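> Just need the structure, nothing else, for what follows:
(one chain, ligands or ions: 2)
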Amino acid sequence: MNAAAPGAIVEVKALTKRFGGLVAIDNLSLEIRTGEILGIVGPNGAGKTALINVLTGFYRATTGTIRFTGRDITRLPRHRISRLGIARTFQNIRLFRRMSVLENVMVADKRHAIAPIKALFRRGHAQADVARAMALLDLMGLADRADHPAGGLAYGDARRLEIARALAGGPRLLFLDEPAAGMNEEETEELVADVRKCRAMVEAIVLVEYDMALIRDLSDRLIAMDFGRKMAEGTTEQVFADPIFMRAYLGLEPDDG
Ligand SMILES: Nc1ncnc2c1ncn2[C@@H]1O[C@H](COP(=O)(O)OP(=O)(O)O)[C@@H](O)[C@H]1O
Ligand SMILES: [Mg+2]
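Residues are numbered from 1 along each chain as shown. Ligands and ions are numbered 1, 2, ... in the order given. Below is the predicted model:
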């Protein structure tokens with residue numbers, strides 16, 4: 001009962017999310033496999049963010065089930081889901097603008113919430129926490145701005161800080177909601193390298209993105225969504241070779257080059 005399908009860290013079955021009369025996610029089944037970067041693409045309003053919101057407990061599923069490492073998490077509140085090891089970034093950057101870059105990472109580490117009293121009496125915990133947060137900033141290329149206010153960061157750096165914050169609790173699964181939105185070409189290229197670094201730190205990444213070059217570079221598998229449903233699914237190569245996908249998302253005929 002509690003066993004996960006082999007290779008799947010998440011199994012979603014017949015998931016539906018309604019907002020009044022609007023069906024944002026429509027009877028969607030999918031799995032997220034251990035070790036993969038799963039790309040999710042689709043036009044505005046397709047239900048991509050709603051899917052992240054339901055899988056991370058920000059919204060409650062209307063019907064359907066979500067299993068994480070075999071465990072049913074469909075009805076768990078989001079702080080419990082977060083503690084199990086599911087983290088996300090937001091389509092609209094959410095940082096504490098007046099706090100330092102370092103503090104932003106430290107307050108995001110949900111491990112403090114598990115045993116706050118124990119943590120209080122543990123000697124030297126603060127130093128270990130600082131070191132861990134600094135290591136994440138280093139990974140994201142932000143260590144030199146650790147004591148700057150987060151509100152002063154350039155756009156690409158703010159997005160990178162979002163990712164560092166999401167990694168702070170040591171998650172097993174990471175959702176990135178349009179990490180390249182608003183980035184220029186150079187920032188997007190750096191983002192590709194950053195997401196590859198994240199890959200080594202988590203068991204799977206789900207990447208929601210419009211930038212098709214980024215999706216193609218990073219994703220092992222792809223799911224194309226529209227109207228809350230799955231329109232195409234397969235390896236990235238397969239989906240990019242799919243004529244329906246090419247017309248809908250790239251406006252191209254499949255053999256246009
Ligand atoms: N909190 C909400 N309340 C009402 N409708 C919502 C809410 N969140 C999303 N929706 C609707 O659900 C559909 C899917 O939205 P969303 O998941 O944000 O799309 P995407 O991220 O693919 O652009 C849209 O029609 C949107 O208006
Ligand atoms: Mg969205």
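
> where does the residue in the stretch 1-150 of the chain that ligand 2 sits nearest to fall, helix, sheet strand or coil?
Among the residues of the stretch 1-150 of the chain, Thr49 lies closest to ligand 2, at 3.1 Å counting by Cβ to the ion. Every residue, glycine included, has its C-beta placed from N, CA and C. Counting by DSSP: H, G, I helix; E, B strand; the rest coil, the backbone at Thr49 sits in helix.

> Read off the pLDDT value for it.
Here the pLDDT value assigned to Thr49 is 97.

> If you tally nearby residues, what's the number for Ala193?
9 (other Cβ atoms under 10 Å).

> Would you check how far apart Ala204 and Arg80 are?
19 Å (Cβ to Cβ, to the nearest Å).

> More neighbours: those two, which one.
Ala204 (21 against 12).

> For the residue lying closest to Asp147 once chain neighbours are set aside, grab the count of nearby residues.
Leaving aside its sequence neighbours, Asp147 sits nearest to Ser100 (Cβ to Cβ, 6 or more residues apart in numbering; 5.0 Å). Around Ser100 sit 15 other residues, with neighbours defined as other Cβ under 10 Å.

> same thing with Glu190?
16.

> shouldn't it be in contact with Gly156?
Yes - using Cβ atoms under 8 Å, Glu190 makes contact with Gly156 at a distance of 6.8 Å.

> count of neighbours near Thr63?
So Thr63, with other Cβ under 10 Å, has 13 neighbours.

> thought it was touching Val12?
No - between Thr63 and Val12 there is no contact under Cβ under 8 Å: 11.8 Å.

> that older thread, how about the residue nearest to Asp147: which residues does it bridge to?
Pro149 (DSSP bridges).

> did I read that right, Arg67 in a helix?
No - assignment of Arg67 by three-state DSSP gives strand, placing it outside any helix.

> The nearest residue to it once chain neighbours are set aside: neighbour count?
In space, and not counting its chain neighbours, Arg67 is closest to Glu11: 4.5 Å by Cβ to Cβ, 6+ apart. By other Cβ under 10 Å, the residues close to Glu11 number 18.
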